[in-house]
Every structure is written in structure tokens, then in C-alpha cells.
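Enquirer: what follows is a predicted structure for the sequence shown.
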Amino acid sequence: MRVAAISIFPEMFRAITDYGVSGRAVSEGHLVLDCINPRTFTHDRHRTVDDRPYGGGPGMVMKAEPLEAAIDEAVERVGGEAKVICLSPQGRVLDQAMVESLAEEPGLVLLSGRYEGIDERVLESWVDEEISIGDYVLSGGELAAMVLVDAVVRQIPGVLGHSQSAVEDSFADGLLDCPHYTRPEAHRGSRVPEVLLGGDHERIRRWRLKQSLQRTLIRRPELLQERELTAEEQRLLAEIENERPD
Ligand SMILES: CC(C)(C)c1cccc(C(=O)NCC2(NC(=O)c3cccc4nocc34)CCCCC2)c1
């Protein structure tokens, strides 16, 4: 997948190109990430990318011209039919379904805002979709762009290692994660659940599934609304409901 990130802080994207699953995806060629700085497309002495807002008010607004030149370059680098996305609080909040759909795109251009935001004419004429990563105030769109890339890159076949496909991604079954433990068996007096110490893999699988269902029911019940439950999951949920203190 080819992605072009437009930002006045391109070095930030080292966080995904140099580490972990996304870093390996880059080194193995599954992901090509170009970072494009709008400042490259300025022609004045101060390389101005922002200016004061019409109508007054605090802060500055990102100028259209440098951004549009950067988008032009980005679309070219990514290859013709790129989807241009602006990471923005005004966008649709990202979820796994959107991630899976974005992973099907041949190329993505990701625009990150700074200051008070981007000149609206850029959004109107160049941006296909605005996407938000959640409802809190951020200082820029770059971290949101990196969240999106991290999630999308895991969907690319081959990125999660030959054995695991995206479908088997251990986190992608729509339930919250079960508890995890590793050595030592007793840590500060707290022991690992006995079931995990035995070798009964079927019993362990069922225990983990029940734990995931219980946590999802208690902490994020709305996730259960969106999810088809297998017969086994429905049985386990019934068990959980019966065990719940009144
Ligand atoms: C949601 C809330 C609290 C009601 C809100 C309302 C109004 C403004 C903001 C805000 O944070 N403005 C600053 C700004 N944020 C973002 O880019 C941003 C924020 C959150 C999720 C994101 N996902 O992608 C990008 C995101 C960075 C600087 C350039 C202007 C945008 C927040």
C-alpha cells in the first residue's frame, strides 16, 4: 500500500516507519510511506504555511496554496486514484469496519492539520473524506494519521507474519481482550489462574472466550450489539448472566 502523509512535522512519522509491525511493513515493502511538507511548496522568504484568520479570532489558519501543492504532489507519488483523507475532529470516528475498508484502497493521502485548522477551500475542493480518531482536543492531526496507518497496515496480507492473517488477528474478533499472564506463576502473592497452567487447550480456549465476553459485556456492552454471537458465545453469555451478582 502507498500512503502519503502531508504534515509540517514529517519527522513525527518516524514513530510508525521505524518501529514495530508498521516499521517491519515498511522495511518489507508492504507499506510505502512518503511524508510531504507543505513548507516545501512555499515561495516567500519565511516559507509561510499559515496566516491570520479572516473574521479575526485567536491563532492562525493553514494556507490553501501550500497544502494544495502538497496534495498534488502526494496524489502523484501515491499514484492516480488516491483517496484524500483529512484527519479532523469534524470527521466520522474511525472504527475497525472503516479500517478494513480503507485497507482495500490502492493509495491514501493523509492530511494533518495544525494551528486552528485548514482553510475550508482545501476541504471543499480536494478532500474526499474527513476522519476523526475520537472526541478530545489534539494539537495536530499527525498522531491521528499514524493511528490510522497503524490500524490499516495490519490488514495488509503478510504484515502480521505468514501464520496470522488479518482475520486471525488476535485482537480483531470484535471482543475486548482476555487477561494475559506470563512468568512468574506467583507475582507479589498474586497467582496465575489455574486453568492457564494446565495443558487443557480446549478448556483454556473456552475460559479465554468467556473472559473476553464478560469484559465486553461489563465494559463495552455496545460492542456486543454490533457482533454476531456464535451458539457457544450465546451459551457462555447466558452462564455469565446467571453468575452475575444481582
Ligand atoms: C472533538 C472535539 C473535542 C469536540 C473538538 C472540537 C473542536 C476542535 C477540536 C480539536 O482538537 N482541534 C484541534 C485539531 N484537532 C485534530 O486534528 C483532531 C482532534 C481530535 C480527533 C482527531 N482525529 O483526527 C484529527 C483530530 C488539531 C489542530 C488543527 C485543528 C484540529 C476538538
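Expert: Happy to help now that I have it. Residues are numbered from 1 along each chain as shown.

Enquirer: quick check: longest strand in this structure by residues?
Expert: As assigned by DSSP state E, the longest strand anywhere in the chain is strand 83-93.

Enquirer: which SSE is immediately downstream of it?
Expert: Tracing the chain C-terminally past strand 83-93 and defining elements by DSSP states H and E, one meets helix 96-102 next.

Enquirer: and for that following helix, what's in contact with it?
Expert: Outside of helix 96-102, the residues that reach it under the criterion C-beta atoms under 8 Å, 6 or more residues apart in numbering are 83, 85, 92, 108, 131, 148, 151-152, 155, 166, 172, 174. In this view, the C-beta of every residue, glycine as well, is placed from N, C-alpha and C.

Enquirer: can I get those residues in CSV with pLDDT?
Expert: Formatted as CSV, the entries for the contacts of helix 96-102 read as follows, by pLDDT from 0 to 100:
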residue, pLDDT
Lys83, 98
Ile85, 98
Arg92, 98
Leu108, 98
Ile131, 98
Leu148, 98
Ala151, 98
Val152, 98
Gln155, 97
Ala166, 49
Ala172, 74
Gly174, 94
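
Enquirer: mind giving me the PyMOL command for buried ones among those?
Expert: With 16 or more other C-beta atoms under 10 Å as the burial test, the buried ones among the contacts of helix 96-102 are selected in PyMOL as follows:
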select buried, resi 83+85+108+131+148+151+152+155+166+172
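
Enquirer: returning to that earlier point: list the buried residues for the longest strand of the chain?
Expert: The neighbour-count check on strand 83-93 (16+ other C-beta under 10 Å) flags 83-89, 91 as buried.

Enquirer: what is the burial count for the spatially closest residue to Ser7 that is not a sequence neighbour?
Expert: Taking C-beta to C-beta, 6 or more residues apart in numbering, and ignoring the residues beside it in sequence, Ser7 has Ser112 as its nearest neighbour in space, at 4.5 Å. By the criterion of other C-beta atoms under 10 Å, Ser112 has 26 neighbours.

Enquirer: residues in contact with Ser112?
Expert: So Ser112 contacts 5-7, 87, 140-142, 144-145 (C-beta under 8 Å, 6+ apart).

Enquirer: for this structure, give me the ranges with low pLDDT.
Expert: Judged against pLDDT under 70, the low-scoring parts of the chain cover residues 162-169.

Enquirer: mind checking the longest helix of it?
Expert: Once the chain is assigned using DSSP state H, the helix that runs over the most residues is helix 201-219.

Enquirer: packing partners of it?
Expert: On a contact count with 3 or more C-beta pairs under 8 Å, 6 or more residues apart in numbering; DSSP states H and E, helix 201-219 meets helix 194-197, helix 221-225, helix 231-243.

Enquirer: which residues in the protein form strands?
Expert: If you assign secondary structure with DSSP E, the strands in the chain sit at 2-6, 32-36, 50-51, 61-62, 83-93, 107-112, 129-132, 186-187, 190-191.
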